[in-house]
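Enquirer: Predicted model and sequence below, questions to follow.
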Amino acid sequence: PRCQSAPLPLVIVVIIALNYIPYVLWTLERRRHLALTITLVVIFHALLGLVVCAWAYTCGTDPGVPPSQWQRRMAALAKARPGSSELKVCRRSGLYK
C-alpha cells in the first residue's frame, strides 16, 4: 500500500504545473494590463503557497489513536456481547476501531 501512494505527489505537481503554465507564464508573456497581471500572479502564488503549506501540514500530521474513553466503551460492549463480530479491532495496535 505504501508504494501505491508514492506517485501521488507527482500527480499533484503535474496538476499544479498544468495550471501554472497557462495562468502565470502565458499571462506574463502577453504583457497586457501589466499592473493587474502582476497583482493576479502574486495572488496566485500566495494561494499556491497556502495549498502547499496545507498539504505539507496534512502529510506531516499524526492521525492519532482513538481516545481512551472510546476504548473503555468498546471493551464494555465486547464483554456484554462476547460473540459479536460487529466490533473491529486493529491488527497492529489491538485497539478497537
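Expert: Received the coordinates, thanks. Numbering: from 1, shown residues only.

Enquirer: nearest residue to residue 66 other than its sequence neighbours?
Expert: residue 95 (6.0 Å; C-beta to C-beta, 6 or more residues apart in numbering). For the C-beta atoms, the positions are set from N, CA and C on the backbone; glycine is no exception.

Enquirer: Quickly note the distance from the one you found to residue 54.
Expert: Distance from residue 95 to residue 54, counting by C-beta to C-beta, to the nearest Å: 28 Å.

Enquirer: Looking at the two, which one has more neighbours?
Expert: residue 95 (14 against 10; other C-beta atoms under 10 Å).

Enquirer: can you map out the helices along this protein?
Expert: Listed in chain order, the helices found in the chain under DSSP state H are 8-20, 26-30, 34-60, 68-80.

Enquirer: and those as JSON lines, adding distance to residue 91?
Expert: Shown next, in JSON lines, are those (distance: least, C-beta to C-beta, whole Å):
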{"stretch": "helix 8-20", "distance to residue 91": "24"}
{"stretch": "helix 26-30", "distance to residue 91": "51"}
{"stretch": "helix 34-60", "distance to residue 91": "24"}
{"stretch": "helix 68-80", "distance to residue 91": "16"}
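
Enquirer: Looking at these, which is nearest to residue 89?
Expert: helix 68-80 (8.7 Å; C-beta to C-beta).

Enquirer: Identify the residues contacting stretch 39-50?
Expert: With contacts defined as C-beta atoms under 8 Å, 6 or more residues apart in numbering, stretch 39-50 is touched by 16, 20, 23, 24, 27, 28.
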